[in-house]
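**Student:** this is the structure alone, sequence omitted:
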């Protein structure tokens, strides 16, 4: 399959620890932000999203934080599991039906 | 319900040849997007269809790439003639056309290798 993590920064965490993946975005006009997970041989899979009028949103084991002042987005994964190993991408969009602009991916590697 | 499907999953062609990628979006999704990821880098936008019309093709790299969506259902992306730098994974995504923000669902991608 595709080497999804080639040339990307890697975050290595111990199984059971919490993971924090960070992303800087560029467009201050973006009003919607999404985190995607991509496993080898698969397409990006939606994890969680947040709108620009919020600064925090929680899902199951995941939390997204948005800091519009510094244009920073983070994804927190609680109790990281081996199945969380993948490449994670942040993405932004402006407008309901517009294109997604992806950030550089980060490879998350979970040590057993 | 079937998700976004792409065909083929892999394609290896020689430089100068032609390749056509196909994407079948989720039924009822008027938005269809093509993206590609080259050499493990970030995913880049290519173009956006709303039904059969090209809404935004600002990401198309050059005129060797031609995308169509006749009838507003499935879409094809043709590369003619293919060059080495076209190698990468081509993703298709679809979403509902609504006033509010809707989630985009991605296909598994087509891995194109030009040799």
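**Tutor:** Alright, I've got the coordinates. Because the structure is predicted, anything quoted here is derived from the model rather than measured.

**Student:** state the mean pLDDT of the helix or strand where residue B:78 lies.
**Tutor:** Using DSSP states H and E, residue B:78 sits within strand B:75-79. The average of the pLDDT scores along strand B:75-79 is 98.

**Student:** which residues touch residue B:64?
**Tutor:** When the contact criterion is Cβ atoms under 8 Å, 6 or more residues apart in numbering or on different chains, the partners of residue B:64 are B:79, B:80, B:81, B:82, B:83, B:86. Backbone N, C-alpha and C define where each C-beta goes, glycine included.

**Student:** next, the residue nearest the centre of chain B: secondary structure please.
**Tutor:** Of all residues in chain B, the one closest to the mean position by Cα atoms, centre = their mean is residue B:34, 3.2 Å from it. Secondary structure assignment for residue B:34 (DSSP: H, G, I helix; E, B strand; the rest coil): strand.

**Student:** show me the contacts for it.
**Tutor:** Contact partners of residue B:34, counting by Cβ under 8 Å, 6+ apart, are B:23, B:45, B:46, B:47, B:48, B:67, B:75, B:77, B:90, B:91, B:92.

**Student:** the closest residue to residue A:26 other than its chain neighbours: how many residues sit nearby?
**Tutor:** In space, and not counting its chain neighbours, residue A:26 is closest to residue A:71: 6.9 Å by Cβ to Cβ, 6 or more residues apart in numbering or on different chains. As a burial measure, residue A:71 scores 15 neighbours (other Cβ atoms under 10 Å in any protein chain shown).

**Student:** residues touching the residue lying closest to residue A:85 once chain neighbours are set aside, list them.
**Tutor:** Spatial nearest neighbour of residue A:85, excluding adjacent residues (Cβ to Cβ, 6+ apart): residue A:110 at 4.8 Å. For residue A:110, the contacting residues are A:12, A:13, A:14, A:15, A:80, A:81, A:82, A:84, A:85, by Cβ under 8 Å, 6+ apart.

**Student:** quick one: residue A:110 from chain B, how far?
**Tutor:** 20 Å (Cβ to the nearest Cβ, to the nearest Å).

**Student:** give me the element that residue is part of.
**Tutor:** Element membership for residue A:110, per DSSP H and E: strand A:106-111.

**Student:** who does that strand pair up with?
**Tutor:** In the sheet containing strand A:106-111, its partner strands are strand A:10-14 (parallel), strand A:86-93 (antiparallel), by DSSP bridges.

**Student:** winner for burial among those strands?
**Tutor:** strand A:86-93 (a mean of 24; mean count of other Cβ atoms under 10 Å in any protein chain shown).

**Student:** sec struct for residue 40, please.
**Tutor:** Because you didn't say which chain, this covers chain A. coil.

**Student:** switch to chain B, that's the one I care about
**Tutor:** coil.
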